[in-house]
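# below are the sequence and a predicted model for it; my questions follow.
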Amino acid sequence: MEEHVEAVNRILKEVEGVGAGLESEEEGWGGIEEKVVDLVLDHEEEYVDEDRYTTVTVEAVNVSKEGLLKVVDEASDEAPDIVPMEKKGKEDTSKKKWPKKERKKKFRYESKAERKVTRGKQKAGNKARADARKGNS
């Protein structure tokens, strides 16, 4: 048992020695380095594809409860940092208006007498059509 404990301790010392060597070389892990990419905002690009001509406008915006807000350049000190964008379409903050539904006509069963009259009319029509097909006039 003592031999096993000594073997485990030797292995742990080796692992700690390897780990210490890595830390001294790299001076610890500093995380993933982020590359800062300078994005060009507020620009227009034009694309032509066969018969189609398209212009794309890229703008910086902030999103809030009020909607999309356009970010103004830092060069102008007079204007505020955020300017609300124009809303497309009419501005209606009231509740949504649902279209009126037509009420279904209440279904009523025919009485026994009404069903008998309807059945008689159908039989008379069917008999007339059958006679017309047979040539019995």
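Cool, the structure landed.
# what is the burial count for Leu68?
Other residues near Leu68 come to 13 when the count uses other CB atoms under 10 Å. Where C-beta positions appear, they are placed from N, C-alpha and C, glycine not excepted.
# ignore the last one, Tyr109
7.
# repeat for Lys104
Lys104 has 6 neighbours, counted by other CB under 10 Å.
# show the pLDDT at it.
pLDDT for Lys104: 89.
# mind checking how far it is from Lys96?
Separation of Lys104 from Lys96 (CB to CB, to the nearest Å): 24 Å.
# just Ala60 next, same as before
Distance, Ala60 to Lys96, using CB to CB: 31 Å.
# between these two, which one's more packed in?
Counting neighbours by other CB under 10 Å for Ala60 and for Lys96 shows that Ala60 has the greater number, 12 against 5.
# wait, isn't that one in contact with Val71?
Yes. The pair Ala60 and Val71 qualifies as a contact (CB atoms under 8 Å) at a distance of 4.2 Å.
# tell me how many other residues crowd Glu2.
Neighbours around Glu2, by other CB under 10 Å: 6.
# quick check: phi and psi on it?
As for Glu2, its main-chain torsions (degrees, to the nearest 10) stand at phi -60, psi -40.
# do you know how far it is from Asn9?
11 Å.
# repeat that for Lys123.
Taking CB to CB, one finds Lys123 at 107 Å from Asn9.
# packing partners for the helix or strand containing Ala128?
Using DSSP states H and E, Ala128 sits in helix 112-134. With contacts defined as 3 or more CB pairs under 8 Å, 6 or more residues apart in numbering; DSSP states H and E, helix 112-134 has no helix or strand neighbours.
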